[in-house]
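Undergrad: Sequence plus the predicted model coming up.
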Amino acid sequence: MKSKVARCAAVAAAMAVLALTAACGGDGDKGAEPAKAGTTTGPTRADDDAKVTGKPDDRPQASADGGTEHALTEAQLAKAAVEEGEVKGYQVKKTAASDISLDSVPADPAACQPVADMFLFTTSPAAQAGVGRSFTAKDDLDASVTSLALLSYDSEGAGEVLAGLRKATGACTAYEHTGYHYSDVKALKDPGLGDESVAYRLRGSIEGATVPTTFTVVRVGTVVVSFTSMNMLQADKVKVPSAIVDAQLAKVKKATA
């Protein structure tokens, strides 16, 4: 049983990598897809800060009322992300920078674009900075694979991302993206987290394997925290572990206070 669970967890993780590779044009034969309006292909605001100071800017960017109104830098997001030892029962690893803030690749139908983008932690409007983490359960019988991304935005960008997802999960049922088919898109009950939140699930069909996936996306100020969990053994019970959600949101709230 343990070996089966381990194999399923490994396959689920591999499926996410395959989808990501397709989005990046990883087959080496195709040119990069043109970016959608609103995506970022050049240096981000965090890059500009680094050029001026010689290092990532980790100074708080606060509004007159004391709350964070501007986009957090990559350095600030990194400090706000959970680390190994901070989530009981899970191993935590940093996500490669190349896996965050990718250019948007068109989905068919277009009504599903926000859902398709979030599968790869991409959004429109584009995030100013982003960091990610992946989680593996220490319980050998837990076949889930969970990951998250912290994405920061200027002004009303974070709210636009949530609004786009809310609309898309109400209109989208299935779509094609980066050469793969996704179906059974269904909005779930709002978990009532952060300043606003959206939850939904879908099934990805990647290289012949069906990967049940659930998302919980939360806005805290100008930061969007996207949690995603896959589980190939318990399709009807796949969910984002509350221990991961609680630990991460606590750090983000502190960083944006």
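TA: Nice, thanks for sending it over.
Undergrad: buried residues in stretch 226-237?
TA: Under the neighbour-count criterion of 16 or more other Cβ atoms under 10 Å, stretch 226-237 has 226, 227, 228, 229, 230, 231, 232, 233 buried. C-beta: built from backbone N, CA, C; applies to glycine.
Undergrad: Could you do stretch 88-107 as well?
TA: Under 16+ other Cβ under 10 Å, the buried positions of stretch 88-107 are 90, 92, 95, 99, 100, 101, 102, 103, 104, 105, 107.
Undergrad: any chance of the residues you listed in TSV, plus distance to residue 164, pLDDT and secondary structure?
TA: Below are the buried residues of stretch 88-107 laid out as TSV (distance: Cβ to Cβ, whole Å; pLDDT from 0 to 100; DSSP: H, G, I helix; E, B strand; the rest coil):
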residue	distance to residue 164	pLDDT	secondary structure
90	29	95	strand
92	29	97	strand
95	22	93	coil
99	21	79	helix
100	18	78	coil
101	16	60	coil
102	17	66	coil
103	17	80	coil
104	12	88	coil
105	16	91	coil
107	12	97	coil
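Undergrad: which residues of the stretch 51-200 of the chain fall in strands?
TA: In the stretch 51-200 of the chain, the strands defined using DSSP state E, counting those that start in this stretch lie at 90-94, 129-137, 145-152, 175-177, 180-187, 196-206.
Undergrad: Which residues does the fourth one contact?
TA: Contacts made with strand 175-177 from outside it, assessed by Cβ atoms under 8 Å, 6 or more residues apart in numbering, are listed as 19, 23, 105, 107-109, 112, 115-116, 119, 181-182, 185.
Undergrad: Can you point out the buried residues in that strand?
TA: Buried residues in strand 175-177, defined by neighbour count with 16+ other Cβ under 10 Å: 175, 177.
Undergrad: what mean pLDDT does it have?
TA: Average pLDDT, strand 175-177: 96.
Undergrad: got it, and the last one?
TA: Rounded to a whole number, the mean pLDDT of strand 196-206 is 94.
Undergrad: Output the contacting helices and strands for that strand.
TA: With contacts taken as 3 or more Cβ pairs under 8 Å, 6 or more residues apart in numbering; DSSP states H and E, strand 196-206 sits against helix 2-23, helix 113-119, helix 157-171, strand 180-187, strand 209-220.
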